[in-house]
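[1] From the sequence below, what's the structure:
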Amino acid sequence: MRLFVAINFKAGTLDRLVELQDSIKPNSSKGNFTIRENMHLTLAFLGECSQAQENLAKSAIASTSFAPIGIEIGSLGLFKRRGGDIWWAGIELSKELDSMRFELNSHLSRAGFEIEDRDFSPHITLAREVATKMKPFKIAKINEVVQGVDLMSSQRVGGKLVYRSIFHKKADI
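    Purely as a prediction, here's the structure:
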């Protein structure tokens, strides 16, 4: 099973992210746009995991303590790729988000998971393989208070990528 740890967003935030996509789509000759249900912020990618590793991941997530975290989505950008660009909505890296992610990764690392050793660039992927002459544009800020994190599974069902929460950790209040 392919697993990752993510923050999922409320309906209002997802609606606003879809509006951003809708401003890119008509100006693109091609693109693979993320379906609304799959929009998230990845905190840690775990890859292919056994049932035992899934249980270790659940324990690591459950051990992570954090208060509700204010998230601000405030930019639009892209990663240049040869086969088409990846468009994303950027999240301001707050001290609270960074601290929670650091603690989460420490627990996952102690549980035996190999955590990517690179700078954290928090973003929500809106589309892949986009061909457009558009440039990123200024967006109205989107704010949400995050109340938890999820262990997500990623599977292909009928040729469609489906993400599903298999464990949820609520913020400590």
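
[2] okay, now Y163: neighbour count?
    19 (other CB atoms under 10 Å). Every C-beta, even on glycine, is put in place using the N, C-alpha and C of the backbone.

[3] who touches it in this structure?
    Applying CB atoms under 8 Å, 6 or more residues apart in numbering, we find Y163 in contact with 6, 37-38, 40, 152-154.

[4] Hmm, N32 is touching A127, no?
    Yes: N32 lies in contact with A127 (CB atoms under 8 Å); the separation is 6.3 Å.

[5] between those two, who's got more neighbours?
    A127 (22 against 13).

[6] For R164, which non-adjacent residue is closest in space?
    Nearest non-adjacent residue to R164, counting by CB to CB, 6 or more residues apart in numbering: S153, 5.2 Å away.

[7] Just give me the residue closest to the centre of the chain.
    Centroid-nearest residue in the chain: L41, 1.9 Å away (criterion: CA atoms, centre = their mean).

[8] Quick one, grab the pLDDT at that residue.
    Per-residue pLDDT puts L41 at 98.

[9] now it, what's its secondary structure?
    Under DSSP: H, G, I helix; E, B strand; the rest coil, the three-state class of L41 is strand.

[10] how close does R156 get to C49?
    Separation of R156 from C49 (CB to CB, to the nearest Å): 16 Å.

[11] The closest residue to T13 other than its chain neighbours: neighbouring residues, count only.
    Spatial nearest neighbour of T13, excluding adjacent residues (CB to CB, 6+ apart): E144 at 4.8 Å. Other residues near E144 come to 19 when the count uses other CB under 10 Å.

[12] What helices and strands are in contact with the host helix or strand of E144?
    For E144, the element it lies in under DSSP states H and E is strand 142-146. Packed against strand 142-146 by the contact rule (3 or more CB pairs under 8 Å, 6 or more residues apart in numbering; DSSP states H and E) you find helix 11-24, strand 69-79.
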